[in-house]
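> Please work out how this folds:
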Amino acid sequence: MKKRRDVTPLCDAIILAGGKPDGIDLSVPNKTFVKIRNRALFIHVLLALLKVERIGTIFIVGPGDEILRELERESADIPPERVSVKQERSNIVENVWRPVLESIDGYRPGREETDASVRNKAVFVTSGDSPLMTPMEVDEFLNGCTNLEKYCWFMGMTPHEVLEQYEPKDNRPGVRLACSHFAESLLRINNLHLLQPFRIANKNEFSEFYRVRHLTRYADIIKSGVGLLKRRIDRNILTGWFEMLLAMKSREWGFNRLSDAIRKLVPLERGERVVGKLIGAPCRAVVTTYGGCALDVDKPDTRQVVEIMYDDWMRYQELMGEGKRQGRKEALQANIRP
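Numbers count the residues shown, from 1 in each chain. The predicted model follows:
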């Protein structure tokens, strides 16, 4: 592995590699152990994060023994001093909270009230099922996480214009992904998050929002709406949430013109306020323009497509990175807030 330069890390990272088994492959503990290019999905994520110089220790949270066995197979590429395996707990809050506490030397309950460095501690969180993640996209996301004094949670989002590159075309397989509808663009929440856990007031709502974040099922829409009502949010925010959903469903039903007209009423800032009310902390969206982090493997057909297209899509992202390094910025970045 290429030697890492001496850079002070911005934050530690947590890879969520747990959860219940699903229908992708019942022979493995959960979907993050499904293999692409003969590597478990979470190993792809880990290898990408190891190349991000601003990330320090990487915690992998999931079924501990199984994770260690996978790491043993990849031992030549993984420095053990940078990786820590934690046994998964019952929910995402506990799976994030435990590594955060263990990363603070001598932590005692209540220390965050008197020590600003503890209260403002940031951690990068991602899921373990994004095999197309690249260090370039993670860096792009971290570059957009500014003003940490004001915002407690940064959510990565990918524009539909970027995701079109990964859709089926010209007899080539691809993946179509649902997006949230905002005035600036159609945006999909990807798997990149930076948060300051001690500053998030409603941790349970954070867990629920993370689970239903794409709002593709009616049950998730109802749960999200109930959560907003419990927070007693003002009418303007609730109206914005409803308009965003109506725009999404209008496009789903084929009424594209109606969808575009409605979403013009919902700027991205309004969506940020909705999420902020849910979790009890100010949040900000950070747009990334590579696309790989939005393609999580959650269905058998997605796994098959990613396996087929893996080399082409990774090469596409590398070419994008080369273009950015040479100063050729896409028009998309000028039109959508970073």
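
> Strands of the stretch 101-250 of the chain, start to end?
Counting by DSSP state E, counting those that start in this stretch, one finds strands in the stretch 101-250 of the chain at the ranges 123-127, 153-159, 180-181, 186-195.

> Any chance of those strands in CSV with distance to residue 18 and mean neighbour count as columns?
Just so you know, the C-beta spots here come from the backbone N, C-alpha and C atoms, and that holds for glycine as well. Below are the strands of the stretch 101-250 of the chain laid out as CSV (distance: least, C-beta to C-beta, whole Å; neighbours: other C-beta atoms under 10 Å):
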stretch, distance to residue 18, mean neighbour count
strand 123-127, 10, 25
strand 153-159, 20, 25
strand 180-181, 26, 24
strand 186-195, 15, 24
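
> Indicate which one of these is closest to residue 319.
The closest of the strands of the stretch 101-250 of the chain to residue 319 is strand 153-159. By C-beta to C-beta, the value is 17.3 Å.

> and the closest one, which strands flank it?
Strand pairing for strand 153-159, determined by DSSP bridges: strand 186-195 (antiparallel), strand 283-287 (parallel).

> Let me have those in a markdown table, adding distance to residue 10 as columns.
Below are the strands paired with strand 153-159 laid out as a markdown table (distance: least, C-beta to C-beta, whole Å):
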| stretch | distance to residue 10 |
| --- | --- |
| strand 186-195 | 9 |
| strand 283-287 | 14 |
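
> Centroid-wise, who is the farthest residue in this protein?
The C-alpha centroid of the chain is most remote from residue 114, which lies 30.6 Å away (C-alpha atoms, centre = their mean).

> How far does stretch 67-81 sit from its chain's centre?
Centroid displacement of stretch 67-81 relative to its chain, using C-alpha atoms, centre = their mean, to the nearest Å, is 23 Å.

> now the end-to-end length of that stretch.
16 Å (C-alpha to C-alpha, to the nearest Å).

> average pLDDT across it?
Stretch 67-81 shows a mean pLDDT of 91.

> can I assume residue 39 is in contact with residue 78?
No: assessed by C-beta atoms under 8 Å, residue 39 is found out of contact with residue 78, at 11.4 Å.

> Find the residues that touch each one of the two.
Counting by C-beta atoms under 8 Å, 6 or more residues apart in numbering, residue 39 and residue 78 have no contacts in common.

> Those two: which is more packed in?
residue 78 (19 against 16; other C-beta atoms under 10 Å).

> just checking, the more buried one touches residue 46?
Yes: the criterion here is C-beta under 8 Å, and residue 78 meets it with residue 46 at 6.9 Å.

> Between the two, which contacts overlap?
Here residue 78 and residue 46 share no contacting residue, scored by C-beta under 8 Å, 6+ apart.

> re the thing from before, let me see the contact set for the residue farthest from the centre of the chain.
So residue 114 contacts nothing (C-beta under 8 Å, 6+ apart).

> And for residue 118, the neighbour number?
Residues within reach of residue 118, counting by other C-beta under 10 Å, total 18.

> same deal with residue 200?
Residues lying near residue 200 (other C-beta under 10 Å) number 18.

> So it versus residue 11, what's the distance?
Separation of residue 200 from residue 11 (C-beta to C-beta, to the nearest Å) stands at 15 Å.

> what comes up buried for stretch 106-117?
residue 112 (16 or more other C-beta atoms under 10 Å).

> Now do the same for residue 217: its pLDDT.
We have a pLDDT of 59 for residue 217.

> my guess is residue 46 meets residue 85, correct?
No: using C-beta under 8 Å, residue 46 is not in contact with residue 85; the gap is 10.7 Å.

> Quick check: neighbours shared by these two?
With C-beta under 8 Å, 6+ apart as the test, residue 46 and residue 85 both reach residue 60.
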